[in-house]
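Peer 1: the following comprises the amino acid sequence and a computationally predicted model.
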Amino acid sequence: MPQVRSASPSQPAAPRALKADGLTEPIGSTSRAPRLTWRHDGRQASAFLVRAHDEAGAELFAVEIDGRSHALAWPAAPLADLQRVSWSVTALADSEELGRADSWLETAFDGAWPAAAVTHPRGWNPEPTPGPCPSCVPASTSTLPCARPGCT
């Protein structure tokens, strides 16, 4: 019979595995209102305090939720293009802090990039051109003769 192990009452309930929309510290998130999730171990938390701040340190929100919850739908104004957010989850038991974990995310939406996408230039020809032979560049896959003087 499998043995069930329970956490010691003295073991802290430190949140871990913080994720935004299922991703750890996403850069280029396309969600304006990401779902924040986490896990926790050890002593049962009576509540979690979830906080978020922008790059300047301004608080976006501070929400206390039930200790049985491990997720929070974004409770603040929708995120802007290229916005970086730091967020944390603090486990609480009777207003005592049991442990805290920090994470971040950064958004990126279509149209927010100031540069054009990297693509092939107009008139690009995918046909192979003469280049180094396999003896010049072992990784070469060219089947054409080498154009380098003195190479055979």
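Peer 2: Looks like it came in fine.
Peer 1: longest strand anywhere in this protein?
Peer 2: For the chain, the longest strand by residue count, based on DSSP state E, is strand 96-107.
Peer 1: what residues of that strand count as buried?
Peer 2: Leu98, Gly99, Arg100, Ala101, Ser103, Trp104, Leu105, Glu106, Thr107 (16 or more other CB atoms under 10 Å). For glycine as for every other residue, the C-beta is placed from the backbone atoms N, C-alpha and C.
Peer 1: ok, now stretch 18-38?
Peer 2: Leu18, Lys19, Ala20, Pro26, Ser29, Ser31, Pro34, Leu36, Thr37, Trp38.
Peer 1: re earlier: the longest strand of the chain pairs with which strands?
Peer 2: strand 27-29 (parallel), strand 84-93 (antiparallel) (DSSP bridges).
Peer 1: next SSE after the worst-scoring helix or strand of the chain on mean pLDDT?
Peer 2: In the chain, no helix or strand scores lower on mean pLDDT, DSSP states H and E than strand 27-29, which sits at a mean of 89. Going down the chain from strand 27-29, the next helix or strand is strand 35-40, by DSSP states H and E.
Peer 1: so that following strand versus strand 96-107, what angle?
Peer 2: If you take axes from the mean of the first three to the mean of the last three CA atoms, to 10 degrees, strand 35-40 sits at 140 degrees to strand 96-107.
Peer 1: give me the contact list for the helix or strand that strand 35-40 is followed by.
Peer 2: Next along the chain after strand 35-40, taking DSSP H and E as the criterion, comes strand 47-54. For strand 47-54, contacts defined as CB atoms under 8 Å, 6 or more residues apart in numbering pick out 15, 36, 38, 40, 59-67, 69, 72, 76, 83-92.
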